[in-house]
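Q: Let me see the structure of the following:
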Amino acid sequence: MDLLWLPVGLAVSLLASRRPRVALLVTLGLFTFLITFGVLVGITAPTWLVALGAAAAPVLGVELARRWQRPFLPPLLLVAMMAASIGLTRLRTMPRLAVVLLALVGVGLLVAGTWRAPWGVRLVFALLGARFALLALPWTQPWALLGVAAVLFAASTLVSRGATETEPPPAPAVRTWAGSLAATVLIAVLGTALLAPELPAPTDVLHQARLQQLKAKAPSGGLLWSSPSEALTWEGNHPEFPAFENLDALYLAGRQVTLAKVPGTSALTGAFWLIRPMTALRVKKAPEELAALRDAAQFTVQALKDSLPLYRPGVTEQAIAQAIHDRQIAHGAEGDSFPLIVASGPRGAKPHAFALDGTLKAGELVVTDIGSYKDHYASDFTRTLPVGGKFDPRGRKQYAAVYAGQQAALKACKPGASLYGKAKDGGQSLDAISREAMKAAGVDSAYPHGLGHTVGLFVHDVGGLGLLEPGMVVTIEPGLYIPGELGIRIEDTYLVTETGCEQITTGFPADPDSVEAIMAGGKLEQAAQGAP
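A: Model (predicted):
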């Protein structure tokens with residue numbers, strides 16, 4: 001646990017306790033900027049439009065805080081924060097109970113904010129503080145956010161005693177400050193676009209062709225940014241994984257650059273961020289990309305098979321992770337595609353248990369989530385293995401239910417299906433199909449993550465929220481997590497073909513009988529009999 005998030009969450013929740021009007025001003029300006037920037041960037045807007053939108057955000061925030069005296073700001077802020085923190089697409093992957101609770105919170109906040117504006121402000125900041133605090137706490141149930149928020153709201157109410165309920169509007173000097181900030185943002189955005197260096201010219205035919213494909217999609221050109229890497233959200237310090245990467249530049253020119261503009265970019269109509277055309281290019285994998293993805297997958301599968309003798313009582317998680325890393329490199333990998341996860345027993349109940357501080361015990365299950373790079377293309381592969389090589393009866397039943405969830409989703413995986421939304425024919429998402437299959441097998445399917453994601457230059461790559469199309473590469477990884485007891489996750493990577501989904505992480509069948517046979521040293525051909 002990263003306990004630093006606990007004081008951060010507390011500080012955020014108490015910010016509105018004494019001066020709610022100032023808290024409203026700060027929060028409204030921040031989230032107006034985030035939403036304005038996100039919407040404009042998401043439509044690949046021209047640089048000048050992004051600059052104007054970003055510059056207008058602080059002015060708009062100040063003016064609304066000055067003039068909008070009605071207590072409707074708190075519910076507006078809740079909507080803004082929820083949109084910025086989880087995104088509307090995440091609602092598709094949340095359990096129904098969580099969606100209902102979220103809606104009830106919104107209604108409650110509307111009522112409280114209309115009745116008493118300072119109460120609404122404190123509720124908003126309590127929810128935001130709870131979201132930070134939960135990063136340090138092991139709870140994943142839907143009630144956790146509301147429970148922690150209630151505690152923080154009570155604390156902020158106590159702190160607020162004696163504070164003035166209604167504060168005067170900001171002084172005119174604040175408006176001047178907002179105008180100066182707007183001018184600075186405007187100049188900074190436009191200056192960045194004008195002064196950004198051009199993308200280094202590709203030196204090989206492959207990357208030259210990719211650059212021409214981009215120019216056909218975006219003839220006015222635009223900027224290629226180093227985007228925040230998912231490594232920013234990982235627990236612990238992992239210096240081998242950069243916090244910011246320009247994977248679009250890597251895709252087009254075969255090299256990383258911090259910021260660059262496509263050659264021939266128009267200073268007036270060039271896009272501030274070429275997110276949409278770059279996503280369209282990267283989401284469908286060309287033959288050379290598929291070759292790298294297949295190689296990376298096999299490096300990882302072979303590394304796990306090589307390390308199976310270590311899955312016995314008394315061996316540390318660190319020793320297994322190091323062995324897998326070494327074997328991946330020996331097979332030809334460039335390195336790990338993310339910090340390897342080896343989580344035994346109760347630690348497996350945390351989906352991303354990056355810390356390797358456990359020791360294997362007899363009868364436990366070990367979640368092993370691993371991956372490697374080949375030409376910067378990633379693999380992602382998970383098996384849950386029994387210490388000593390045999391599942392106990394209860395563990396086998398639970399594991400078989402997760403496997404049933406994976407296979408049900410795989411059976412429905414084809415062009416026109418969707419990981420999370422409705423399929424093209426109106427059918428269920430693969431995520432919903434997987435969860436229903438697990439329930440039918442007798443276990444709770446409310447795992448706190450989505451069923452899968454795209455894979456490419458990064459382990460969680462671009463695209464994947466729409467319909468599946470041939471050439472996309474995705475994972476299917478249902479799980480079962482019982483806090484304080486165990487975790488089970490089964491993950492394979494698949495190529496979407498014209499007729500279905502082809503497994504890339506081949507060579508290690510996932511059904512329980514095959515897992516036990518492989519761990520016992522049986523021949524792979526024998527272990528695979530009867531397995532899809």
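Q: Could you list the buried residues of stretch 146-155?
A: With burial defined by 16 or more other Cβ atoms under 10 Å, the residues of stretch 146-155 counted as buried are 146, 148, 149, 151, 152, 153, 155. Every C-beta, even on glycine, is put in place using the N, C-alpha and C of the backbone.
Q: Ok, stretch 260-272 next?
A: With burial defined by 16+ other Cβ under 10 Å, the residues of stretch 260-272 counted as buried are 260, 261, 262, 265, 270, 271, 272.
Q: try stretch 313-321
A: Residues of stretch 313-321 classed as buried under the neighbour-count rule (16+ other Cβ under 10 Å) are 315, 316, 317, 319, 320, 321.
Q: Pull stretch 462-477 out as CSV, backbone CA atoms only.
A: C-alpha atoms of stretch 462-477 as CSV (Å, rounded to 0.1, in the frame of the first residue of the first chain):
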residue,chain,number,x,y,z
VAL,A,462,-4.9,2.4,-27.7
GLY,A,463,-8.4,1.7,-28.9
GLY,A,464,-10.6,-1.2,-27.8
LEU,A,465,-13.7,0.6,-26.5
GLY,A,466,-15.7,0.1,-29.8
LEU,A,467,-16.5,-2.9,-31.9
LEU,A,468,-13.8,-5.4,-32.5
GLU,A,469,-12.3,-5.5,-36.0
PRO,A,470,-9.9,-7.9,-37.8
GLY,A,471,-6.3,-7.0,-37.0
MET,A,472,-6.9,-5.9,-33.4
VAL,A,473,-5.1,-7.7,-30.6
VAL,A,474,-6.9,-8.0,-27.3
THR,A,475,-6.7,-9.8,-24.0
ILE,A,476,-9.4,-11.8,-22.3
GLU,A,477,-8.7,-12.0,-18.5
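Q: before we move on, back to that, looking at the buried residues of stretch 146-155, which is nearest residue 218?
A: Proximity to residue 218 was ranked across the buried residues of stretch 146-155 by Cβ to Cβ; first place goes to residue 149, at 42.8 Å.
Q: gap between the closest residue to that closest one other than its chain neighbours and residue 235?
A: Once its chain neighbours are removed from consideration, residue 149 has its nearest residue in residue 130; the separation is 3.9 Å (Cβ to Cβ, 6 or more residues apart in numbering). Between residue 130 and residue 235 the computed distance is 18 Å (Cβ to Cβ, to the nearest Å).
Q: Those two: which is more packed in?
A: residue 130 (23 against 15; other Cβ atoms under 10 Å).
Q: next SSE after the helix or strand hosting that one?
A: Remark: residue 130 resides in helix 117-133, with elements defined by DSSP states H and E. For helix 117-133, the succeeding helix or strand toward the C-terminus, using DSSP H and E, is helix 143-159.
Q: In CSV, could you pull the C-alpha coordinates for the helix or strand following that following helix?
A: Next helix or strand after helix 143-159 toward the C-terminus (DSSP H and E): helix 172-195. Output in CSV follows, covering the C-alpha atoms of helix 172-195 (Å, rounded to 0.1, in the frame of the first residue of the first chain):
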residue,chain,number,x,y,z
PRO,A,172,-11.7,42.1,-8.7
ALA,A,173,-8.0,41.2,-8.4
VAL,A,174,-8.9,37.6,-8.9
ARG,A,175,-10.4,38.4,-12.3
THR,A,176,-7.2,40.1,-13.2
TRP,A,177,-5.3,37.1,-12.1
ALA,A,178,-7.5,34.9,-14.3
GLY,A,179,-7.0,37.1,-17.3
SER,A,180,-3.2,36.9,-16.9
LEU,A,181,-3.3,33.2,-16.6
ALA,A,182,-5.5,32.9,-19.7
ALA,A,183,-3.0,35.0,-21.7
THR,A,184,-0.1,32.9,-20.4
VAL,A,185,-1.8,29.6,-21.4
LEU,A,186,-2.7,31.0,-24.8
ILE,A,187,0.8,32.0,-25.5
ALA,A,188,2.3,28.8,-24.2
VAL,A,189,0.0,26.5,-26.3
LEU,A,190,0.5,28.5,-29.5
GLY,A,191,4.3,28.8,-28.8
THR,A,192,4.5,25.1,-28.3
ALA,A,193,2.9,24.4,-31.6
LEU,A,194,5.0,26.8,-33.5
LEU,A,195,8.4,25.9,-31.9
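Q: Who are the packing partners of the helix or strand just after helix 172-195?
A: Going down the chain from helix 172-195, the next helix or strand is helix 205-217, by DSSP H and E. With contacts defined as 3 or more Cβ pairs under 8 Å, 6 or more residues apart in numbering; DSSP states H and E, the packing partners of helix 205-217 are helix 247-253, helix 275-283.
Q: Centre of the chain to helix 205-217, how far?
A: Using Cα atoms, centre = their mean, to the nearest Å, we find the averaged C-alpha position of helix 205-217 to lie 28 Å away from the chain's own average C-alpha position.
Q: again with stretch 504-516
A: On Cα atoms, centre = their mean, the centre of stretch 504-516 falls 27 Å from the chain's centre.
Q: What of stretch 184-204?
A: The mean C-alpha position of stretch 184-204 is separated from the chain mean by 28 Å, Cα atoms, centre = their mean.
Q: That stretch: end-to-end distance?
A: Using Cα to Cα, to the nearest Å, the span of stretch 184-204 from its first residue to its last is 40 Å.
Q: For that stretch, which residues meet the burial criterion?
A: Those buried within stretch 184-204 under the rule 16+ other Cβ under 10 Å are 185, 186, 189, 190, 192, 193, 196, 199, 202.
Q: wait, which of these is closest to residue 375?
A: Minimum separation from residue 375 among the buried residues of stretch 184-204 (Cβ to Cβ) is found for residue 202, which lies at 14.9 Å.
Q: Appreciated, that's everything.
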